[in-house]
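>>> need coordinates for the following:
(chains A and B)
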Amino acid sequence: MILLTRKADFSAAHFYWNPAWSEEENVRVFGKCANRQGHGHNYTLEVTVAGEIDGVSGFVVDLKLLKEILEREVVSVYDHRHLNYEVPEFAEASGAVPTTENIAVAIWRRLEGKIPGARLHRVRVYEMPDLFADFYGEGA
Amino acid sequence: MSRVIAHLSRRYHFSAAHRLHVDALSAEANRETFGKCNNPYGHGHNYVVEVTLSGPVDAATGMVTNLADLDSFARREMVDLFDHANLNMLEVFRDRVSTTENLCVTVWEIFAGYPHARLERVRIEETGNNSFEYYGEGAPMRR
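Residues are numbered from 1 along each chain as shown, chains lettered A, B, ... in the order given. Predicted structure coming up:
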């Protein structure tokens, strides 16, 4: 088995807010991230898939196809968007605050089962070079 | 989502001096073992510490741990101790060579005391070209 990783970038706005809490509680817990005007980041996504090397092509997965899947399932949905207002999994009613952790989980759920011939191994999301979250799947 | 386990990694920076030297070895043996790192006056690095913590993503906050808590812990327990210090002068390196391997173990011991998430990995870049990882006592190498 071999692991293969593909990167993609997207830039998006977000803020942290739990609608079940008072404004004071949101500010206490989330600090400057609770500013409801939003702020933004250049995110880097690293998707790692696991599989066997195909005897004919030498591929674990066709990289062009993987790039297209990342573009279709993630980048076209997240890039130059406001995560809280424009991405359904982070809409206020969903209850998922668009933290780096939850973005990694959401991207895993968007990609799971969509990559032919390989198994999703890890989703890593960098909010900035000094902060990233990894998700290895439900129950991992 | 309360039982969804995610890993969170955060990088911290500090600059410190050190010298690789073992008192029990002769001057020649020290020079032979540690090369230029044994320079008697010491030298220094811009260290980058990457800590990885895991835990359930809290349903209310969306977080494994609040970064404000982690950052203040890291500053208080690690950066304030190491930044612009000479590692060899610190109590923890009195009987331990200040290699980056041993620094990984020391940083592990510090972050093992962080109360809000489980420590999974400590990775330290001594320079842009070398890095060291530690997963805790007896733990096998992982991803």
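
>>> and chain B, which residues reach chain A?
B:1, B:4-12, B:52, B:57, B:59-64, B:66-68, B:143 (Cβ under 8 Å from any Cβ of the partner chain). (C-beta placed from N, C-alpha, C; glycine too.)

>>> and the residues you listed, which of them are buried?
B:4-12, B:52, B:57, B:61-64, B:66-67 (16 or more other Cβ atoms under 10 Å in any protein chain shown).

>>> just the ones of the residues you listed in strands?
B:I5, B:A6, B:H7, B:L8, B:S9, B:R10, B:R11, B:Y12, B:T52 (DSSP state E).

>>> mind telling me the two of the residues you listed farthest from one another?
Greatest spacing in these, by Cβ to Cβ: B:I5 and B:Y12 (23.1 Å).

>>> surely A:V97 touches A:W21?
No: in terms of Cβ atoms under 8 Å, A:V97 does not count as a neighbour of A:W21; the distance is 10.7 Å.

>>> tell me which of those two has more neighbours.
A:V97 (30 against 16; other Cβ atoms under 10 Å in any protein chain shown).

>>> from A:S94, how far off is the closest residue to the more buried one other than its chain neighbours?
Spatially, and ignoring its direct neighbours in sequence, A:V97 is nearest to B:G62 (3.3 Å; Cβ to Cβ, 6 or more residues apart in numbering or on different chains). The gap separating B:G62 from A:S94 is 11 Å, by Cβ to Cβ, to the nearest Å.

>>> what about chain A, which residue is the most distant from its middle?
A:V56 (32.1 Å; Cα atoms, centre = their mean).

>>> that one: what secondary structure?
coil (DSSP: H, G, I helix; E, B strand; the rest coil).

>>> now stretch B:19-27: average pLDDT?
Across stretch B:19-27, the average pLDDT comes to 94.

>>> okay, how far is it across that stretch, tip to tip?
Separation of the first and last residues of stretch B:19-27 by Cα to Cα, to the nearest Å is 13 Å.

>>> next, the buried residues of it.
Neighbour count says stretch B:19-27 has B:R19, B:L20, B:H21 buried, by 16+ other Cβ under 10 Å.

>>> make TSV out of the residues you listed and add secondary structure.
Listed next are these as TSV, based on three-state DSSP:
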residue	secondary structure
B:R19	coil
B:L20	coil
B:H21	coil
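
>>> closest to A:E112 among these?
For these, the nearest to A:E112 is B:L20 (47.0 Å; Cβ to Cβ).

>>> so what's the closest one up against?
Going by Cβ atoms under 8 Å, 6 or more residues apart in numbering or on different chains, B:L20 touches B:N30, B:T33, B:F34, B:C37, B:N38, B:V97, B:S98, B:T99.

>>> what are the boundaries of the strands in the chain?
With no chain named, the answer covers chain A. A:2-14, A:39-51, A:81-82, A:119-128, A:131-135.

>>> correction: the question concerned chain B.
According to DSSP E, the strands that chain B contains are B:5-18, B:43-56, B:85-86, B:118-127, B:130-134.

>>> would you tell me which of the ones you listed gets closest to A:R36?
strand B:5-18 (24.2 Å).

>>> who does the closest one pair up with?
Using DSSP bridges, strand B:5-18 pairs in its sheet with strand A:131-135 (antiparallel), strand B:43-56 (antiparallel), strand B:85-86 (parallel).

>>> CSV for these, including mean pLDDT?
CSV is the format used below for these (pLDDT from 0 to 100):
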stretch, mean pLDDT
strand A:131-135, 98
strand B:43-56, 96
strand B:85-86, 92
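
>>> ok, which of those strands comes nearest B:R123?
strand B:43-56 (4.3 Å).

>>> buried set for the closest one?
B:H45, B:Y47, B:V48, B:V49, B:E50, B:V51, B:T52, B:L53, B:S54, B:G55, B:P56.

>>> ok, now which ones touch the second one?
With contacts defined as Cβ under 8 Å, 6+ apart, B:Y47 is in contact with B:H13, B:F14, B:S15, B:A16, B:F82, B:T100, B:L103, B:I124, B:E125, B:E126.

>>> just put those residues in CSV and tack on neighbour count.
CSV is the format used below for those (neighbours: other Cβ atoms under 10 Å in any protein chain shown):
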residue, neighbour count
B:H13, 12
B:F14, 19
B:S15, 12
B:A16, 21
B:F82, 22
B:T100, 20
B:L103, 26
B:I124, 22
B:E125, 18
B:E126, 17
